[in-house]
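# could you look at this predicted model? Sequence included:
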Amino acid sequence: MTSPAAQGRGAERRRALGARFIFLGPGLFYVTVFMAIPMVLVLSYAFLKRGRFGGVKMEFTLDNFHRVIESVYVSVIGNSILIATITTILALAIGYPTAYAIARLPRKWRNLALVLVVLPFWTNFLIRTYAWILLLNSEGPLNKGLMAVGILHEPLDLLYTRGAVVVGLLYAYLPLMILPIYASVERLDNSLIEAATNLGASRARAFFTITLPLTLPGTMIGAIFVFVPSLGNFIVPELLGGGKTVMIGNLIRDQFLKARDWPFGAVLALIMVALLIILFAGQAAISRRINGRGRHA
Amino acid sequence: MRNLGWLRLPLIGTYVFLYIPIIVLVIMSFNASKMPFSWGGFSGRWYSTLMNDELIRQGFINTIIVAVGATVLATILGTLLAIGLARYTRSAVLEAYALTPAIVPDLALAIGLLVMFSAVGMTLGLHSVLLAHVVFGMAFVAAVVTARLGQTDPSLEEASRDLGSSAVGTFFRITIPSLAPAIVAGALLVFTLSLDEFVIAFFTDGPSTPTLPIVIYSMVRFGVTPEINALAALLLLVSFTVVIAAQRFTRITDAV
């Protein structure tokens, strides 16, 4: 015989279990069906032979991985990493001082300054990229303007270059660099910098020994926010690179929608995701070290 | 501004960089000339051409169908998920798992869904785009609502139960109203993201029901035309209005 109290506890526990199921069940089920299973499928496709019209044949193979080592694919992957890296460095060089300046603005202007940074980001990605086709065109405003003031005598080929791809990616993702850096600069305790300068440190020294290390976590997040979508992008290389600049995203898209070699596309996607996971792990390790040091100090 | 010193240069430079393309685009959209790069006077004719474009109109309708459906589903699922994560489990792994769709690269999610849909033999169309948009939408709603749940006091819910309200009554009278601002913010976020989403739609849509971003993509690939300029300027106006409205809204809810 169980006591009434134990029965009550049993009912309580059953209710908690029921609530858990009602709240967590549908969402977790959805994530499993529409994300986890698709990812597992892509992973397993990488080890199968290609089907005739897309899809796969159920035969195990490692050939798809061997193909990636072919020089043309290695150079595309290298090129993608290079372009994403250049974009990230430029975004950092522009974004850091901009974020720093916004954080130094009078409080009433700060909100407006931030909204103005985010505003272009919320407009359609294709439209933002298209604007650069217009701007960089050989008959476009930039070339005409430079010719009108006499800097150029004949139009430059700005569009369909690797530079145009970098500019397009930079334009698309610069706000993602500025926001996290702004957040970390804004949180910064100004009394630390005052203390340093009062004790005789130059402003440059105070910046490099205090501001920069303390804003490094936000800066790294910004860098990842720019690098990740740049690496997998296939729209900007297509529209602004004119098919001459091929990135890993274009390759993946083509394997799935044109060449219909899904297993090889799956391998390329795995490589892309693996690169990003390494990046995340590195960022996590570095920020853990910074936090750890802060706590021991 | 005065004490910024040389920092004024990157600040102004950034805004010039961000807004020059937009300004050029809007000006070009009023160009009367059919030649994209020679100025033929001021005109709104491309806007009226746009209104009569059947492909764009159908694309717009398709996009709205997907965005509304995805927003409703993602908001319900994401809110339940957030409450479940905050109140019924302390598992960080489960939370990370549920929020992953928000950070997975869109291209990876897109090919995954294409592979999955074709593996189960599902025909592609607006329904598959909708299902796909719910995945990341749900994660965004869950993230926004979870953040709000961290600030609300669970003792309110306990008090409601102690005073004799049922679990369901407490849920609708206490939990949901206290989360309302976050739920609305999350829903707005999903709606805007879905309206503009191209990559996943491109992989999971069928050929006969293109969403507006897919229509735009197929137009933009063939270069510069006055109609695209007008369409682009119009879309800019829409997203600027939504962002500014959302900004107002969140400031009001911050004050409450």
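Received it, and whenever you're ready, just let me know what you need.
# for the rest of this, base every contact and every neighbour count on C-alpha atoms.
Noted.
# how many residues are close by residue A:194?
Per other Cα atoms under 10 Å in any protein chain shown, the neighbour tally for residue A:194 reads 14.
# by contact count, what packs against the helix or strand it falls within?
Assigned by DSSP states H and E, residue A:194 belongs to helix A:190-198. Packing contacts for helix A:190-198, counted by 3 or more Cα pairs under 8 Å, 6 or more residues apart in numbering or on different chains; DSSP states H and E, involve helix A:203-206.
# how far off centre is the helix it packs on?
31 Å (Cα atoms, centre = their mean, to the nearest Å).
# in the next helix or strand after it, what counts as buried?
The first helix or strand that comes after helix A:203-206 along the chain, using DSSP H and E, is helix A:212-231. Going by neighbour count (16 or more other Cα atoms under 10 Å in any protein chain shown), the buried part of helix A:212-231 is A:214-231.
# state the mean pLDDT of the helix holding residue A:194.
The predicted model assigns helix A:190-198 a mean pLDDT of 84.
# could you list the buried residues of that helix?
Neighbour-count burial for helix A:190-198 [16+ other Cα under 10 Å]: A:193, A:196, A:197.
# for chain A, what are the nearby residues on the stretch 101-250 of chain B?
Neighbours of chain A within the stretch 101-250 of chain B, by Cα under 8 Å from any Cα of the partner chain: B:101, B:105, B:107-109, B:111-113, B:115-116, B:118-119, B:132, B:135, B:138, B:192, B:196, B:203, B:213, B:216-217, B:220-221, B:223-224, B:232, B:235-236, B:239-240, B:243.
# repeat that with 6 Å
Within the stretch 101-250 of chain B, the positions near chain A by Cα under 6 Å from any Cα of the partner chain are B:112, B:113, B:116, B:196, B:232, B:236, B:239.
# and those residues as JSON lines, adding pLDDT, secondary structure and neighbour count?
Shown next, in JSON lines, are these (pLDDT from 0 to 100; DSSP: H, G, I helix; E, B strand; the rest coil; neighbours: other Cα atoms under 10 Å in any protein chain shown):
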{"residue": "B:112", "pLDDT": "96", "secondary structure": "helix", "neighbour count": "26"}
{"residue": "B:113", "pLDDT": "97", "secondary structure": "helix", "neighbour count": "28"}
{"residue": "B:116", "pLDDT": "95", "secondary structure": "helix", "neighbour count": "21"}
{"residue": "B:196", "pLDDT": "88", "secondary structure": "helix", "neighbour count": "23"}
{"residue": "B:232", "pLDDT": "87", "secondary structure": "helix", "neighbour count": "24"}
{"residue": "B:236", "pLDDT": "85", "secondary structure": "helix", "neighbour count": "22"}
{"residue": "B:239", "pLDDT": "80", "secondary structure": "helix", "neighbour count": "20"}
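# quick revisit: any chance of the buried residues of helix A:190-198 in a markdown table, with distance to residue A:133 too?
As requested, those are exported to a markdown table (distance: Cα to Cα, whole Å):
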| residue | distance to residue A:133 |
| --- | --- |
| A:193 | 45 |
| A:196 | 48 |
| A:197 | 48 |
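# export only the CA atoms of stretch A:127-135, formatted as CSV.
Extracted in CSV, the C-alpha atoms of stretch A:127-135 (Å, rounded to 0.1, in the frame of the first residue of the first chain):
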residue,chain,number,x,y,z
ILE,A,127,18.9,43.5,-54.0
ARG,A,128,21.9,44.6,-52.0
THR,A,129,24.2,42.6,-54.3
TYR,A,130,22.4,43.9,-57.4
ALA,A,131,23.1,47.5,-56.3
TRP,A,132,26.7,46.7,-56.8
ILE,A,133,26.2,45.4,-60.3
LEU,A,134,24.7,48.8,-61.0
LEU,A,135,27.4,50.8,-59.2
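# what is the neighbour count of residue 130?
Using chain A. Residue A:130: 26 neighbours (other Cα under 10 Å).
# my bad, the chain I had in mind was chain B
Neighbour number of residue B:130 under other Cα under 10 Å is 24.
# and the helix or strand where it lies, which residues are buried?
Element membership of residue B:130, judged by DSSP H and E, is helix B:126-149. By 16+ other Cα under 10 Å, the buried positions in helix B:126-149 come out as B:126-146, B:148-149.
# I'd like the distance from it to the chain centre, please.
10 Å.
# again, but for stretch A:274-282
12 Å.
# buried residues in the host helix or strand of residue B:169?
Taking DSSP H and E as the criterion, residue B:169 maps to helix B:167-170. Under the neighbour-count criterion of 16+ other Cα under 10 Å, helix B:167-170 has residue B:170 buried.
# coming back round to it: nearest to residue B:174 among the buried residues of helix A:190-198?
residue A:193 (45.4 Å; Cα to Cα).
# count of residues packed around the closest residue to the closest one other than its chain neighbours?
Sequence neighbours aside, residue A:206 is the residue nearest to residue A:193 in space, at 6.1 Å (criterion: Cα to Cα, 6 or more residues apart in numbering or on different chains). Neighbour count for residue A:206, taken as other Cα under 10 Å: 18.
# mind checking pLDDT for residue A:206?
Reading off the model, residue A:206 has pLDDT 85.
# repeat that for residue A:7.
Looking at residue A:7, its pLDDT reads 68.
# what's the answer for residue A:258, then?
For residue A:258, the predicted pLDDT is 87.
# give the buried residues for the helix or strand that the helix holding residue B:130 is followed by.
Using DSSP H and E, the helix or strand that follows helix B:126-149 towards the C-terminus is helix B:154-162. Buried residues in helix B:154-162, counted by 16+ other Cα under 10 Å: B:157, B:160, B:161.
# now helix B:154-162, how far from the chain's geometric center?
34 Å.
# tell me which element residue B:227 is part of?
helix B:226-255.
# one more: residue A:259?
Residue A:259 belongs to no helix or strand, assigned by DSSP H and E.
# that one: how many residues sit nearby?
Around residue A:259 there are 15 residues (other Cα under 10 Å).
# with residue B:73 instead?
18.
# is it in a helix, a strand, or coil?
helix (DSSP: H, G, I helix; E, B strand; the rest coil).
# do you know how far the residue nearest to it when sequence neighbours are not counted is from residue B:208?
Spatial nearest neighbour of residue B:73, chain neighbours left out: residue B:134 (6.5 Å); criterion: Cα to Cα, 6+ apart. Remark: distance between residue B:134 and residue B:208 (Cα to Cα, to the nearest Å) = 21 Å.
# isn't residue A:136 up against residue A:161?
No. The pair residue A:136 / residue A:161 is not scored as a contact, 10.2 Å apart, by Cα atoms under 6 Å.
# get me the contact residues on the stretch 1-150 of chain A for chain B.
Counting by Cα under 6 Å from any Cα, the stretch 1-150 of chain A sits next to chain B at A:20, A:23-24, A:27, A:38-39, A:42, A:98, A:101, A:123-124, A:127, A:131.
# and the residues you listed, which is closest to residue B:9?
residue A:98 (8.6 Å).
# can you give the domain ranges for chain A?
Using automatic domain parsing, the domain ranges for chain A come out as A:4-45, A:66-296.
# give the helix, strand or coil label for residue A:49.
strand.
# give the contact list for it.
A:56, A:57, A:59 (Cα atoms under 6 Å, 6 or more residues apart in numbering or on different chains).
# touching, residue A:262 and residue A:256? I think so.
Yes. Contact criterion Cα under 6 Å: residue A:262 and residue A:256 qualify, at 5.3 Å.
# so which of those two has more stuff around it?
Neighbours were counted for residue A:262 and for residue A:256 using other Cα under 10 Å; residue A:262 has more, 30 against 21.
# picking up where we left off before, could the residues of the stretch 1-150 of chain A next to chain B go into CSV alongside distance to residue B:72 and pLDDT?
What follows is the residues of the stretch 1-150 of chain A next to chain B, written out as CSV (distance: Cα to Cα, whole Å; pLDDT from 0 to 100):
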residue, distance to residue B:72, pLDDT
A:20, 22, 85
A:23, 16, 90
A:24, 18, 91
A:27, 14, 93
A:38, 23, 96
A:39, 25, 95
A:42, 29, 94
A:98, 38, 95
A:101, 40, 93
A:123, 22, 83
A:124, 22, 86
A:127, 26, 89
A:131, 32, 91
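# mark which of the residues you listed are buried, thanks.
By 16+ other Cα under 10 Å, the residues of the stretch 1-150 of chain A next to chain B give A:20, A:23-24, A:27, A:38-39, A:42, A:98, A:101, A:123-124, A:127, A:131 as buried.
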